[in-house]
Every structure is written in structure tokens, then in C-alpha cells.
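**Student:** sequence unavailable; structure follows:
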């Protein structure tokens, strides 16, 4: 019986395991090896690691966990989880099963770029989802924002305000923008192209958006907030409440609505938070927060079980 099974070996999951390991908790981390920012060569806004390769951060994290003998990081995929607080069972794809008193879900989200040829393979390299993560590097470049969501047109205004004087909003077909947003876009001088995009070609700093009418737009970078989904359905299958945007509902202690189950990283958020932030630093902080308060819960259970 493990104290905790952490499902997911990204920044949130490894950070949680580090806290538990330092408290001498017996922890199993099941790492499927697929992380959301795998295409990116750099991560940003992580103090002391700005511009650091995200893959290297995880490598160092696993090396650090090796110093704590009560922590095991195991490659694998969790297919199912069941049970209740104090006794959960997880089933792995290799046919084995493991038990734990608590669970931490750190399974993350998956980006699903629009079905435009050439878009997905450039996602994370020259097609970016977040101006906080990539805005500085795209300063002064010619930019396109690709979206079919009216409210996401505000992203074009944001990058035009901060990073570039040459921004084109590409709506991949007719888009009925709210009057207020359309007025601001026009006033800011952001061109709007509503023609469907047939293909994206070129490489970094030399991209070409090909439109159905034969027009070609040359850009140096593209912003595209792709739709997302949960990487795993474990939270829903365990009975955790799922918010309207598809994220797992947690409280200030990273606890889900299922006792004994916490969630950390971009797959979970407080209901009052408008969007699940994708920063590596916030994912790591969520993992620390989840482990900190869960360890306290385990400690109280230990006292009760020992009759103290």
C-alpha cells in the first residue's frame, strides 16, 4: 500500500512527489511520458530556468527524486482507478495494479489544433498558443492570429499592443465578431482575413498561410489558442466534478470533489479562475500545494489510526 500514487510525471506530478518524498511518504509516480509542451524547445517565467528546455527540467526532476528511496517513478499508463479515500486501486496498461491511500491526478491537457494542413506539425515551434510564453521572442515580427472564436480575436489586439505593429487576424471562414471587438480591431489597424486557410507552409520566421482564394500571407510567427481536452478521463471516471470548460474542479488545497483525490497542473482549476493557465511554474506550484495539504491530511489519519 503506497501512501500516494501520483498519476502524471510532468512538472506538477514530479513536484508533488518531491514534497512527499521529503516527508518520507511511500510514493509511486506513474509517468506516461507524454507532456503538453513537448514540441517547445524553451520554457519561460520559471525563476532561474527562463529559456530552459522543458525536457531537461523533467530529467533533472527525476534525478532529484532518485535521492529519496521512498519515491518510485515508473513509466506506464494508468487505465483505470477505483476505490475510496484510504484505499484506491489503479490498474496499469502492463496488467499490474497498485494500491494507495491517496491519489494525485497530474495528467494534464492535450492541445488539438485546427484541422489545417501544416498547422499541427508547427505547433510549439513557430505556431504558439500563449503570448506570455512566447511573446518576447516574437517581438517585432510579422504575426498572424488564427481563430474561429469571436472572443479569441482579443488575442490579436493583445499581441498588436505588446509585440508587433504588423498583426493579421485570420478567422478561417466568416466570423461574426461582437461590435465592440470588431471596432477595437479596426481601430488598432489589425487586418482581418476571413477566407478559409487551405494550408500553412514554410518554417520558423518564414511562414506562408495559403487561403482558399489563392492569396498567400507571409508571416514570421503564428498565434493559435488550440482547443484542449483532458489527457485522461480518470478524473471523470472517479466521479470528480468537471467544470464547463472541461477542467477538474479543485479547491484552494487542490482537492477535487472526491475525498482523497487531488488534482494539479493545467487539467484542474478553481471555479473562479477564468482559464487553466499553462505555465510550467504554476503547474509545479500546484503540485507542491497539493502534496503539502495532502500530507497534512495523511498525518491526521496516521494519528487517528494509531490512537493518538
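**Tutor:** Looks like it arrived, so ask away. This one's a predicted model, so the numbers in the text were calculated from it and none came from an experiment.

**Student:** dihedrals phi and psi, residue 204?
**Tutor:** Main-chain torsions, residue 204, degrees, to the nearest 10: phi -50, psi 130.

**Student:** now residue 57: which helix or strand?
**Tutor:** According to DSSP states H and E, residue 57 maps onto helix 54-65.

**Student:** and for that helix, what's in contact with it?
**Tutor:** Residues lying outside helix 54-65 but in contact with it, judged by CB atoms under 8 Å, 6 or more residues apart in numbering, are 9-11, 14-15, 17-18, 21, 29, 35, 37-38, 40, 42-43, 46, 49, 71, 73, 280. All C-beta atoms are positioned from the backbone trio N, CA, C, and that covers glycine.

**Student:** partners of the helix or strand that that helix is followed by, with directions?
**Tutor:** The helix or strand immediately downstream of helix 54-65 is strand 71-75, counting by DSSP H and E. If you go by DSSP bridges, strand 71-75 pairs up with strand 27-31 (parallel).

**Student:** so what touches the partner strand?
**Tutor:** Contacts for strand 27-31 (CB under 8 Å, 6+ apart): 2-9, 13-14, 17, 20-21, 65, 70-78, 90, 92, 98, 100.

**Student:** what about residue 141, neighbour count?
**Tutor:** 15 (other CB atoms under 10 Å).

**Student:** return the per-residue confidence for it.
**Tutor:** The model reports residue 141 with a pLDDT of 97.

**Student:** nearest residue to it in space, please, no chain neighbours.
**Tutor:** residue 220 (3.8 Å; CB to CB, 6 or more residues apart in numbering).

**Student:** I'd say residue 34 and residue 232 touch.
**Tutor:** No: using CB atoms under 8 Å, residue 34 makes no contact with residue 232, being 10.3 Å away.

**Student:** which one of those two has more residues nearby?
**Tutor:** For residue 34 and residue 232, the more surrounded residue by other CB under 10 Å is residue 232, and the numbers stand at 22 against 14.

**Student:** which stretches of the protein form helices?
**Tutor:** With DSSP state H, the ranges of helices along the chain come out as 11-22, 54-65, 131-134, 154-162, 179-188, 234-238, 280-306.

**Student:** relative to residue 212, which of those is closest?
**Tutor:** Among the helices of the chain, the nearest to residue 212 by CB to CB is helix 154-162 (20.5 Å).
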